[in-house]
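Colleague: fold the stuff below for me.
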Amino acid sequence: MKFGKKTAFAALVAASALVFAGCAGGGDVIEEGGSDAGSGDGEMYIALVSKGFQHQFWQAVKKGAEQKAEELGVRITFEGPAAETEIAQQLEMLTSAIDKNPNAIAYAALDPEACVAPLEQAKSKDIPVVYFDAPCNGDVGLSLAATDSKVAGALAAEHMAELIGGSGEVAIVGHSQINSTGVERRDGFVEKIEADYPDIEIVDIQYGDGDHLKSADIAKTLIAAHPDLKGIYGTNEGSAIGVVNAVNELGLEKGKITIVGFDSGAAQINAIKDGTMAGAITQDPIGIGAQVVQAAYDAANGDSVDEFYDTGSYWYDKSNLEDEKIAAVLYE
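Modeller: Numbers count the residues shown, from 1 in each chain. Sure, this is the predicted structure:
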């Protein structure tokens, strides 16, 4: 199955060089569940390589994966780099996972091109590959368990438009121009605004790599450059909290700039409760973790899997934080 265009030969060579020449860089590597190769006692072993480990979103994905693994009676490992900018470290983890010869690999791509070569290696070893959150390019992956990020971005745009009265200037603090979630959450928002809200102008889009310090600096610059700015949309947890921190550090009145975020986590929930943030889009990370383990299990057993499992997206704000359906997909 294809997720995006096939990678050119030159890109394959470059990716191969990056991975297989050895990634000796620093950075903390966090792994859960042990590091031994697939068990010789017949127990199924599934290796999950995530985009990161530090955000509460990934901890919730891990929780869902562990719950499903226990239900199915399989062993998993779950690891990711310390930051979502550490592509080389993630590729090193992926290569290491392949070397362990697991029964299946579940992967969330930081860079959809750089992962092509190592996953071709997994394919050559007959290790089935499934994706979660964001796919790799090429034709190795059998399925993707994720939020439909363009739909989610459009949902954020609808609420932003309603909150600012259908007109005015807004800006975006994105978390990536490379991986699919960053691109699609941005594009879903932009396309919805352009299609349905002609009186709203998106004056700038900047990228903070999901880092709250960098995103805060970007937000301050945007606010200074656009004194009539009505709203800012942050495309992931770190981006949104960076915007919240920026308006707090600038001493702006709560609600002067409408902040719409993405993901959940204690900091965003608290910002919504105190009125600094208007609301945000949450995913179902526990559902993503559970679904990708199920897909990996099915693929390892030779059963068919769906190409795409949409785990959903939901708007939450102060009015519905306690709703049963919303509370179930919030993670603190």
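Colleague: tell me the pLDDT of residue 145.
Modeller: For residue 145, the pLDDT comes out at 98.
Colleague: quick one: contacts for the closest residue to residue 211 other than its chain neighbours?
Modeller: Once flanking residues are discounted, residue 211 sits nearest to residue 238: 5.6 Å by C-beta to C-beta, 6 or more residues apart in numbering. No exception for glycine: its C-beta is placed from N, CA and C like everyone else's. For residue 238, the contact set (C-beta atoms under 8 Å, 6 or more residues apart in numbering) comprises 55, 175, 208, 209, 210, 211, 212, 215.
Colleague: find me the pLDDT at the third one, would you?
Modeller: According to the prediction, residue 208 has pLDDT 97.
Colleague: rewinding a little: quick one: the residue nearest to residue 211 and residue 58, what's the gap?
Modeller: 12 Å (C-beta to C-beta, to the nearest Å).
Colleague: could you do residue 47 as well?
Modeller: Going from residue 47 to residue 58 by C-beta to C-beta gives 15 Å.
Colleague: please apply the same query to residue 111.
Modeller: Distance, residue 111 to residue 58, using C-beta to C-beta: 17 Å.
Colleague: equivalent analysis for residue 276, please.
Modeller: As judged by C-beta to C-beta, residue 276 and residue 58 stand 24 Å apart.
Colleague: residue 140 reaches residue 128, doesn't it?
Modeller: No. Assessed by C-beta atoms under 8 Å, residue 140 is found out of contact with residue 128, at 9.1 Å.
Colleague: all helices of this protein, in order?
Modeller: Along the chain, the segments classed as helices by DSSP state H run 9-20, 56-72, 87-99, 116-124, 149-163, 180-196, 212-225, 237-249, 266-273, 285-300, 324-327.
Colleague: let me have the ones you listed in CSV, extended by mean pLDDT and distance to residue 134.
Modeller: Listed next are those as CSV, based on pLDDT from 0 to 100; distance: least, C-beta to C-beta, whole Å:
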stretch, mean pLDDT, distance to residue 134
helix 9-20, 38, 16
helix 56-72, 95, 12
helix 87-99, 98, 11
helix 116-124, 97, 13
helix 149-163, 98, 8
helix 180-196, 97, 5
helix 212-225, 98, 19
helix 237-249, 97, 15
helix 266-273, 96, 21
helix 285-300, 97, 11
helix 324-327, 94, 24
